[in-house]
Structures are given as C-alpha cells and as structure tokens.
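Chemist: Need coordinates for the below:
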Amino acid sequence: MNGAGKMKVAVVGAGTMGTGIAQVVAMSGIHVTLHDVEQGALNHSIEKIKDSLEKLATKNPSIDYEQTINRITLSTDYTTLQNQHI
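Modeler: Prediction:
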C-alpha cells in the first residue's frame, strides 16, 4: 500500500483534472472520495477511470483494476468529505 495506511483523500470536482487525480491517488493505494455537485459528472468520471485502467492493465499486469476501482467513492454529498485527511 506504499505506506498509505488508512489515509483518505478527497478530490472536489470530477472534471478532467479531478478525474486524473482521483485515479492516481487510488492507484497508489489510497482511498479517495471524488466529489461533484452533478451525479452525471461523477458517472462520466468513473467511466473514464475504468477505461484508462483497462488500457493500463493490459500493458502492466501488476495494476489491480478491481482494487483500484474499489478505492474510489463517488459522492454529491459534502458531508462525506468530513473525515478525509487531505
């Protein structure tokens, strides 16, 4: 887990930058909550992450697709950000 332990990170905004940050954080073994006010933006974001991970996993079998996806929580509720470390 790269020394991440139980760290939790929040990313506010599911645009291009937020999506990329959430993916990198999850790939590094850290649980991340991706927040946006629009559920549609979150849905689009997770699909982009899934597509990217599938491509990466075919090139690098050490990438665990399921574990990475399971580290990402999507939310439109600001209260889910209360217990995040970063």
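Chemist: CA atoms for contacts and neighbours, from now on please.
Modeler: Will do.
Chemist: Now do the longest helix anywhere in the chain: which elements does it pack against?
Modeler: When the chain is parsed with DSSP state H, its longest helix is helix 39-59. If contacts are counted by 3 or more CA pairs under 8 Å, 6 or more residues apart in numbering; DSSP states H and E, helix 39-59 sits against helix 16-27, helix 65-70, strand 72-75.
Chemist: okay, these in TSV with distance to Gln39, mean neighbour count and mean pLDDT next?
Modeler: As requested, those are arranged in TSV below (distance: least, CA to CA, whole Å; neighbours: other CA atoms under 10 Å; pLDDT from 0 to 100):
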stretch	distance to Gln39	mean neighbour count	mean pLDDT
helix 16-27	14	19	98
helix 65-70	17	15	96
strand 72-75	8	19	98
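Chemist: picking that back up, can you pull the buried residues of the longest helix of the chain?
Modeler: Buried residues in helix 39-59, counted by 16 or more other CA atoms under 10 Å: Ala41, Leu42, Ser45, Ile46, Lys48, Ile49, Lys50, Leu53.
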